[in-house]
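Enquirer: quick one: sequence plus predicted model below, questions after.
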Amino acid sequence: MTESRSFALCKTQPLTRSNLWISRLSFLALHVLYCATATHAATTTVWATPHDSYSSSIGVLGCKVDTDRIAYWPGSVDCNNLCVSLSYGDRTVKLLRVDQSQGAHDISYDAWNYLVTGHGANDRPAVGGPIEMQAEELDASECKDLIHTEGHKLPLSAANSMNFLASCLDHKDGSWVGENHILYNILDSICTWGYDEPCELNWPSENQAQCKHALGTPNPLKDDPVYDIKYPSGNKVIAGSGEVVKTGGTPWGDVGGTGQENAAARGLIGSSSATPLIVWIMTLMSCGALCWV
């Protein structure tokens with residue numbers, strides 16, 4: 001009796017030109033599925049909510065970064081994970097992570113508004129709850145355009161960022177922040193006190209930066225204010241004082257908050273767009289294309 005070899009639940013098939021073509025198609029289908037799954041695995045689903053007041057738990061100075069593109073997410077900010085991309089439909093923004101939320105995936109109101117409507121929050125302010133979006137971790141250097149310092153170095157408060165900076169400088173494998181930072185003699189993240197001047201740190205010999213003026217002097221600082229765009233009015237205001245510098249435009253309206261509007265843009269796997277591909281692959285496999293030996 002001749003022994004025939006086969007995969008489970010499959011019968012041995014003769015090698016014919018027809019089977020060869022089906023096998024090739026099956027291989028191609030599996031390759032496409034692998035690539036689609038790998039791409040999808042690189043992203044995560046988050047429910048993004050608008051945040052209208054700049055802050056930074058690690059002392060990043062708002063007057064020297066784009067405060068309209070900030071992520072306030074769960075999990076502590078470390079010395080490397082400072083940049084994420086967020087997508088909704090066909091729109092994507094890059095966001096700088098400089099603060100930690102209590103659980104929500106908050107992002108700057110302007111970024112949220114743009115992703116949902118295509119307009120800035122000051123131009124066409126929208127209202128709504130959490131919206132389902134796709135997030136992806138990026139290398140910190142991908143957010144360099146959001147940092148407005150020479151060399152795109154992360155601007156930190158010399159008076160209040162030293163604990164965070166020390167952990168980055170002592171990182172055994174090195175870190176992005178450790179190699180890409182600049183200290184300023186500014187006391188708070190919304191830049192209302194101190195002096196807008198760079199400081200030098202002789203690490204590890206010293207753990208306190210040297211500045212032109214005395215470090216930590218509460219000098220009123222008004223030359224380079226931080227601006228917030230308030231929810232839901234869209235008013236652009238000076239952070240801290242709340243002074244309105246530009247009123248919000250015509251309201252866009254309520255965009256809801258279920259995330260169902262984004263069903264067609266969730267990525268290949270896990271969305272309706274995956275169905276035809278999966279059906280095609282299963283059909284090919286059911287033909288026994290992989291069952292001959």
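Expert: Looks like it came in fine. Numbering: from 1, shown residues only.
Enquirer: output the below-cut-off pLDDT ranges for the stretch 151-293 of the chain.
Expert: Within the stretch 151-293 of the chain, the ranges that satisfy pLDDT under 70 run 258-293.
Enquirer: in it, which spans are helices?
Expert: Shown for the stretch 151-293 of the chain, the helices assigned by DSSP state H, counting those that start in this stretch span residues 162-169, 176-179, 274-286.
Enquirer: report the central residue of the protein.
Expert: Val84 (2.2 Å; CA atoms, centre = their mean).
Enquirer: tell me the average confidence for the helix or strand containing it?
Expert: According to DSSP states H and E, Val84 maps onto strand 83-88. Averaged over strand 83-88, pLDDT sits at 98.
Enquirer: sheet partners, orientation included, of that strand?
Expert: Within its sheet, strand 83-88 is paired with strand 91-100 (antiparallel), strand 131-138 (antiparallel), according to DSSP bridges.
Enquirer: centre of the chain to the shortest one, how far?
Expert: Distance of strand 131-138 from the chain centroid (CA atoms, centre = their mean, to the nearest Å) equals 6 Å.
Enquirer: kindly report the same for the first one.
Expert: Mean-position distance between strand 91-100 and its chain equals 4 Å (CA atoms, centre = their mean).
Enquirer: and for Gly178, the neighbour number?
Expert: Applying other CB atoms under 10 Å, we find 18 residues neighbouring Gly178. In short, each C-beta sits where N, CA and C put it, glycine included.
Enquirer: ok, it to Ala140 distance?
Expert: Applying CB to CB, to the nearest Å, the value for Gly178 to Ala140 is 11 Å.
Enquirer: minimum distance to Gly257: which of the strands paired with strand 83-88 has it?
Expert: The closest of the strands paired with strand 83-88 to Gly257 is strand 131-138. By CB to CB, the value is 6.1 Å.
Enquirer: what comes up buried for that closest one?
Expert: Ile131, Glu132, Met133, Gln134, Ala135, Glu136, Glu137 (16 or more other CB atoms under 10 Å).
Enquirer: avg pLDDT for it?
Expert: On average, strand 131-138 scores 98.
Enquirer: just the CA atoms of that strand, as CSV, please.
Expert: The C-alpha coordinates for strand 131-138 follow below in CSV (Å, rounded to 0.1, in the frame of the first residue of the first chain):
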residue,chain,number,x,y,z
ILE,A,131,-13.4,59.7,19.7
GLU,A,132,-11.8,56.4,18.6
MET,A,133,-8.5,57.0,16.9
GLN,A,134,-5.4,55.1,15.9
ALA,A,135,-2.1,55.8,17.7
GLU,A,136,1.5,54.8,17.0
GLU,A,137,4.7,55.3,19.0
LEU,A,138,7.4,57.1,17.1
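Enquirer: quick one on the thing from earlier: list the contacts of the residue nearest to the centre of the chain.
Expert: Ala71, Trp73, Lys94, Leu95, Arg97, Ala135, Glu136, Glu137, Leu138 (CB atoms under 8 Å, 6 or more residues apart in numbering).
Enquirer: what's the distance between the fifth one and Val84?
Expert: To tie it back to what came earlier, the one meant is Arg97. Relative to Val84, and taking CB to CB, Arg97 is found at 6 Å.
Enquirer: tell me, what's touching the two both at once?
Expert: Joint contacts of Arg97 and Val84 (CB under 8 Å, 6+ apart) are Ala71, Trp73.
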